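**Student:** Sequence first, then the predicted structure:
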Amino acid sequence: MNIAIITGASSGMGKEFVLKLAPILRKTDELWLIARNSEKLEEVENALKGMNIVPEIKVFPMDITDENKLKQFTEAMMILNPKISVLVNCAGVGTYGAFDKQSREETTEMVRLNVLALTQLTKICLPYMRKGSKIIQVASGAAFRPQPEFAVYAASKAYVYSFGRALAKELKQRGIVVTTVCPGPVETPFLEHAYGRYGELSKLKKLVMANTEKVVAQAIKDCKKKKEVSIYGLPMKLLYGLSRGVIR
């Protein structure tokens, strides 16, 4: 059985990855959608029913930061022994504000989801991947430089960026492609959560705001081309170029 897995699949970029990938995964039997919000997952599932897609859709309402849930997921993988064609790690969270003003729960949630859960899920899935399999790790343009008022989030995405690029080199000989996606501000519910009660999006970030569909389409295109990093839009590409000396 060939499967594809997308986390954070209920909204934002994760949902867009679902809508973009579902129609083109012709050799995939099942598309597994993972997110915490069961109602929104069902909405995504219903949206796919009217599309001409090959894979069967299966939804998994689960919190991937929950160790018990991850254990159950690991056991299910061992029983089913699937072949994973695509893994998209898109689940993530961010909160804007000075580090000393944020709660311990907020900072811990960012590290648990953006860093630990992503790493664990990649580790769980990797044994079921083979030549031709693809991993898309969703980082952020925030990974390129430290960001005051967004310190933990930017640091967590710097981890994803570094981890993804290193993994791409490790898995190259096995024929497994790893593409790390580094978008700037994207029109998703993430921004409302991140800035909701701490402040407003800056004029600069509003100016470079990217369309979700275009960012995801670029990511899929770059992954097909076996690129290690996917960056959409001239502003983010310029920032990436200016930051290369800092993050190499």
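**Tutor:** Sure thing, it's come through. Numbers count the residues shown, from 1 in each chain.
**Student:** can you confirm residue 94 is in a helix?
**Tutor:** No. Residue 94 sits outside any helix when classified using DSSP: H, G, I helix; E, B strand; the rest coil, being coil.
**Student:** in the chain, which residue is closest to the centre?
**Tutor:** residue 90 (1.9 Å; CA atoms, centre = their mean).
**Student:** Quick check: it touching residue 5?
**Tutor:** No. At 10.3 Å, residue 90 does not count as touching residue 5 under the criterion of CB atoms under 8 Å. To be clear about C-beta, it is placed using only N, CA and C from the backbone, and glycine gets the same treatment.
**Student:** For the chain, which segments count as strands?
**Tutor:** In the chain, the strands defined using DSSP state E lie at 2-7, 30-35, 56-61, 83-89, 134-138, 177-181, 229-230.
**Student:** Could you report the distance from residue 104 to residue 58?
**Tutor:** Distance of residue 104 to residue 58, computed by CB to CB, to the nearest Å: 35 Å.
**Student:** for residue 209, same thing?
**Tutor:** Distance of residue 209 to residue 58, given as CB to CB: 33 Å.
**Student:** Same question for residue 41.
**Tutor:** To residue 58, residue 41 is 10 Å away according to CB to CB.
**Student:** now do residue 68
**Tutor:** Distance, residue 68 to residue 58, by CB to CB: 20 Å.
**Student:** Among those two, which residue is more densely surrounded?
**Tutor:** For the pair residue 68 and residue 58, the greater number of neighbours falls to residue 58 (13 against 9), based on other CB atoms under 10 Å.
**Student:** Looks like that one contacts residue 29 (just checking).
**Tutor:** No. Residue 58 sits out of contact with residue 29 when judged by CB under 8 Å, with a separation of 10.1 Å.
**Student:** any weak-confidence spans in this protein?
**Tutor:** Low-confidence segments of the chain, defined by pLDDT under 70: 187-208, 239, 244-248.
**Student:** top helix in it by residue count?
**Tutor:** helix 151-171 (DSSP state H).
**Student:** Buried residues, that one. List them.
**Tutor:** Buried residues in helix 151-171, counting neighbours by 16 or more other CB atoms under 10 Å, are found at 151-161, 163-165, 167-168, 171.
**Student:** try stretch 26-44
**Tutor:** Judged by neighbour count using 16+ other CB under 10 Å, the buried positions of stretch 26-44 are 28, 30, 31, 32, 33, 34, 35, 36, 40, 41, 44.
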